[in-house]
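>>> sequence and predicted structure, then a few things I'm wondering about:
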Amino acid sequence: MGFNISSFRQILAPTKMEEKEFYVHDISGTINDGASTFTFSLDDWHTISVPVDENGNWYYDVPSGTTLYTLRRAFINKTNLTSISFGPNFDTSNVTNTTSMFSSCSSLTSVDLSNLDTSSVTNMSGMFYGCENITSLDLSSFDTHNVNNMYTMFYNCKSLTSIDISSFDTSSVTNMSGMFQYCNSFTSLDLSTFRTPALTNVQLVFDSCTSLTSLNLQNWNTLGVSTLYVRFVDDVSTLRVDYTASTFNSEIVSEFPNVNWVAH
């Protein structure tokens with residue numbers, strides 16, 4: 001099942017037949033792509049202003065009349081979802097949370113997020129958690145300068161072989177724990193564009209990436225990392241890690257003596 005989201009219409013019953021501001025919980029919307037109907041929910045609180053008709057129903061379109069503040073768990077566990085894209089009128093400029101947005105979408109293979117405005121997002125934890133059949137992700141359009149949490153963002157994306165995150169601004173990120181854990185189809189990862197001065201948690205970030213042979217972490221700053229108790233990488237001699245010695249916590253290096261650490 002695949003579809004494009006550019007807008008959807010929703011009907012709920014308010015308590016008063018007037019235009020006012022509502023706090024809404026467990027929003028659910030239905031999209032019909034011509035072949036099948038797909039329902040999803042946004043289960044975080046956010047504020048919207050909507051008009052009410054004479055029958056006591058209110059309607060809204062995205063983005064007209066609506067301000068979305070969250071896409072948290074928006075498509076979680078939609079195991080029959082195979083592809084998704086967002087139209088240019090789907091306004092996410094105020095969204096601050098995309099936690100678990102596509103979590104456990106185990107059949108998802110095609111994603112077009114080029115129209116998704118992530119400039120206000122602070123939390124991307126678990127965004128693609130368990131998307132185990134997706135092979136390629138192009139996130140080059142993502143603005144991540146406000147993001148502080150990337151915990152398990154790509155956890156168990158075990159078929160992922162290609163990813164474009166070269167535009168990621170990670171200067172505010174403190175938590176990358178489990179970010180690539182069980183991404184065991186990657187053979188190489190070049191994350192040298194990452195700048196990580198705020199980083200404090202890297203537990204399991206590359207754990208069980210069993211096919212990984214080359215990892216470029218030049219320009220990473222891990223001097224503030226205090227959580228070295230669980231595996232940063234698999235301690236195997238087949239793995240080469242390039243790093244900048246002056247900004248890399250030496251305890252991480254000594255913790256994994258079998259890895260081929262190459263200082264720059």
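Happy to help now that I have it. Numbers count the residues shown, from 1 in each chain.

>>> the residue lying closest to Asp112 once chain neighbours are set aside: what secondary structure?
Spatially, and ignoring its direct neighbours in sequence, Asp112 is nearest to Ser85 (3.6 Å; C-beta to C-beta, 6 or more residues apart in numbering). Every C-beta, even on glycine, is put in place using the N, C-alpha and C of the backbone. With DSSP: H, G, I helix; E, B strand; the rest coil as the basis, Ser85 sits in strand.

>>> is the closest residue in space to Leu217 that isn't next to it in sequence bridged to anything, and to what?
Once flanking residues are discounted, Leu217 sits nearest to Tyr243: 4.7 Å by C-beta to C-beta, 6+ apart. Under the criterion DSSP bridges, Tyr243 forms beta bridges with Leu217, Ala263.

>>> what's the distance between Tyr243 and Thr193?
14 Å (C-beta to C-beta, to the nearest Å).

>>> surely Ser246 forms part of a helix?
Yes - under three-state DSSP, Ser246 sits within a helix.

>>> quick one: the helices in this protein?
Secondary structure of the chain, counting by DSSP state H: helices at 250-255.

>>> pLDDT below threshold where in it?
Scanning the chain with the threshold set as pLDDT under 70 gives 1-67, 86-90, 227-230.

>>> now do the domain split for it, please.
Annotated domains of the chain cover 1-143, 170-264 [automatic domain parsing].

>>> I'd like the distance from the shortest one to the chain centre, please.
Taking C-alpha atoms, centre = their mean, to the nearest Å, one finds domain 170-264 lying 19 Å from the centre of the chain it belongs to.

>>> now do the end-to-end distance for that domain.
Distance between the two ends of domain 170-264: 21 Å, counting by C-alpha to C-alpha, to the nearest Å.

>>> now do stretch 248-264
Stretch 248-264: ends 10 Å apart by C-alpha to C-alpha.

>>> what of stretch 245-263?
Span of stretch 245-263 from end to end, C-alpha to C-alpha: 5 Å.

>>> kindly report the same for stretch 234-241.
11 Å.

>>> other residues contacting that stretch?
For stretch 234-241, contacts defined as C-beta atoms under 8 Å, 6 or more residues apart in numbering pick out 206-210, 212-217, 233, 255-262.

>>> if we can go back for a sec, hang on, the residue nearest to Asp112 packs against Leu116?
No - with contact defined as C-beta atoms under 8 Å, Ser85 does not count as touching Leu116 (9.5 Å).

>>> ok, these two, which is more surrounded?
The neighbour comparison of Ser85 against Leu116 (other C-beta atoms under 10 Å) goes to Leu116, with 21 against 17.

>>> so for Tyr243 and Thr193, which sits in the more crowded spot?
Each of Tyr243 and Thr193 has its neighbours counted (other C-beta under 10 Å); Tyr243 has more, 22 against 14.

>>> how far away is the residue nearest to Leu217 from Asn219?
Relative to Asn219, and taking C-beta to C-beta, Tyr243 is found at 9 Å.

>>> likewise for Tyr182?
In terms of C-beta to C-beta, Tyr182 sits 25 Å off from Asn219.

>>> and if you look at Ser93?
For Ser93 relative to Asn219 (C-beta to C-beta), the value is 29 Å.

>>> those two: which is more packed in?
Remark: of Ser93 and Asn219, Asn219 carries more neighbours, 17 against 12, as counted by other C-beta under 10 Å.

>>> which residue sits closest to that one, ignoring its sequence neighbours?
Per C-beta to C-beta, 6+ apart, closest to Asn219 is Ser192, 5.4 Å.

>>> next up, the contacts around the one you found.
Here Ser192 is in contact with 216-219, 242 (criterion: C-beta under 8 Å, 6+ apart).
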